[in-house]
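> next input, structure requested:
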Amino acid sequence: TTSDSIDEGLPSGTLVGSLAVINTNTPFSYSLVESGSYPDNASFDLTGGSSSNLMMAEPIDYETKSSYTIRVLAAETGGGSLLLTNTFTIAVNQDEKQYFIIHGAPNQTSLQNTEFPPMDPGSRRQVAFAPLLLPLVTSVGDLQNAVNACLDSAERSGYPVFFHVDDWNHPPIAPDQNPSSLEYQNDPEMVEWTAFPAEGEEHGPLLVRRWLNWGSWQVLGPSPNFESPTFRELMRERLADGIAKPIAERVEKWKQEGRYYLFAGIDVGWETGYYTMDHSAPGMEPGENNINTGYAALHARGHDAASVAQVAIANGITEREAHKLLMVDVKRDYTAFLTRAVHEGGISTNRIYTHYPSCGFGPQHADYEALKNDGRHSPIEATINDYSRTGFTGYTTGNQQGIAELLAEHGRSKFGIVELNFFPDLLQEGYAY
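Residues are numbered from 1 along each chain as shown. Okay, here's the model as predicted:
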């Protein structure tokens, strides 16, 4: 009479079902047998009278194991000699919750004074908070402290946490704020360039700062060179040790307690791209407009101005379009590197998301033609790798169903809208979802 399935997320000690031999009044006792051929036996205990209660001996986690097969012996008691054996397969039901994400830690959002009712752990729909982490300019120790503070908040409040990890946007860093970050900004190998090297030069001109319009113009620090081995090792350490490790340790505890739902996930990257600018912004220095980057990454892959021109001729496109075509592969590989670092730090792939703007996914999107040359925008293939689910910025002017169909063509049925922008009356307001 055991159940043929059990829900993910339940703790060790959960009752799976009760064992009984039907159509008889003869008493039986039960044991798990042939464990050499049925290693899943070790995941269960038999308790109660006649050892008839089949209990989980470990937390139930779909990512770890999606089904169990066990062998049970029923032995007649009270002087009888009848022996019966049976094999049971118990499936694990994956608990796919839907999370509505409010950007910011609980004390950082516009809703910090809002009274939320207690969250029902059994509800399929959950409200979660999403703090922002900046590994490019934050030490491993400071990242660990920030992550643990948010995990503690989730434990106290009962509201899940989702982590936004920004891989290339950050405010400019002054020398007295974070000297170690200046090493990245001033290193010709680690920072992006605004052109290929001139003849006789080892590197191109370094990007000093860049502009971004998030409702108003902001000055940001320079973009990193995604192909730099030194930069990648810096990011790998901070992602794996500073972010993924403390999350993985806490998740193991939550699994034991049946509270895995408190970890909503993590997106790695924030509209990952390279910098392009075709117009001036208030406060720009002369010559700062019409800046393109990606030259350091392409140079690391063996390209120069001549090879980009050859790609343009071969494909019948402009040199700028050829530059972007080559950078799509750079971004795809870089995103796979980021998500792999988080996964190898102990996070399940179905809790890891990429983050790209959906308006780059193709002509089915209303904003595609206007924005297709932006260095942040890439075809949907760039978002897909073996270590994560596709995550993207959604827009009310976009076609989310069309995106789902595109992903299905690549064998992907699960994705996350990790940021959602609304455009009521042309007034943009940003929310994460």
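> where exactly do the helices run in the stretch 101-250 of the chain?
Along the stretch 101-250 of the chain, the segments classed as helices by DSSP state H, counting those that start in this stretch run 140-157, 179-185, 229-237, 245-257.
> which stretches of the protein aren't confidently modelled?
Residues of the chain meeting the criterion pLDDT under 70: 1-3, 105-116, 173-183, 279-282, 286-289, 362-372, 395-399, 421-433.
> in the longest helix that it contains, what counts as buried?
Counting by DSSP state H, the longest helix found in the chain is helix 319-344. Residues of helix 319-344 classed as buried: 322-324, 326-327, 330-343 (neighbour count, 16 or more other C-beta atoms under 10 Å). Every residue, glycine included, has its C-beta placed from N, CA and C.
> ok, stretch 86-96 next?
For stretch 86-96, burial by neighbour count (16+ other C-beta under 10 Å) applies to 88, 90, 92, 95.
> secondary structure element for the first one?
Okay, so that is residue 88. Assessed by DSSP states H and E, residue 88 sits inside strand 83-93.
> can you show me the CA trace of that strand as CSV?
Output in CSV follows, covering the C-alpha atoms of strand 83-93 (Å, rounded to 0.1, in the frame of the first residue of the first chain):
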residue,chain,number,x,y,z
LEU,A,83,7.8,-15.5,2.3
LEU,A,84,6.8,-13.0,-0.3
THR,A,85,9.0,-10.4,-2.1
ASN,A,86,8.0,-7.4,-4.2
THR,A,87,9.7,-4.6,-6.0
PHE,A,88,8.5,-1.0,-5.6
THR,A,89,9.4,2.0,-7.8
ILE,A,90,8.7,5.4,-6.2
ALA,A,91,8.8,8.5,-8.4
VAL,A,92,9.8,11.9,-7.0
ASN,A,93,7.4,14.7,-8.0
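> hang on, the earlier thing: out of the helices of the stretch 101-250 of the chain, the one nearest residue 267 is which?
helix 245-257 (13.0 Å; C-beta to C-beta).
> take the helices of the stretch 101-250 of the chain and lay them out in TSV including distance to residue 59 and mean neighbour count.
Listed next are those as TSV, based on distance: least, C-beta to C-beta, whole Å; neighbours: other C-beta atoms under 10 Å:
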stretch	distance to residue 59	mean neighbour count
helix 140-157	17	17
helix 179-185	39	16
helix 229-237	29	17
helix 245-257	4	18
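> may I see the ones you listed organised as TSV, with distance to residue 312 added?
Formatted as TSV, these follow (distance: least, C-beta to C-beta, whole Å):
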stretch	distance to residue 312
helix 140-157	41
helix 179-185	31
helix 229-237	28
helix 245-257	44
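> of the ones you listed, which approaches residue 420 most closely?
Using C-beta to C-beta, the nearest of the helices of the stretch 101-250 of the chain to residue 420 is helix 140-157, at 21.1 Å.
> can you give me phi and psi for the residue lying farthest from the centre of the chain?
Ranking residues of the chain by C-alpha distance from their mean position (C-alpha atoms, centre = their mean) puts residue 79 at the top, at 59.2 Å. Phi and psi for residue 79, reported as degrees, to the nearest 10, are phi 100, psi -10.
> quick revisit: which is the next helix or strand following the longest helix of the chain?
Downstream of helix 319-344, the next assigned helix or strand under DSSP H and E is strand 352-353.
> just how off-centre is that next one within its chain?
2 Å (C-alpha atoms, centre = their mean, to the nearest Å).
> just after it, pick out the following helix or strand.
Once strand 352-353 ends, the next helix or strand along the chain (criterion: DSSP H and E) is strand 356-357.
> and that following strand, what does it pack against?
Applying 3 or more C-beta pairs under 8 Å, 6 or more residues apart in numbering; DSSP states H and E, one finds that strand 356-357 makes contact with strand 390-395.
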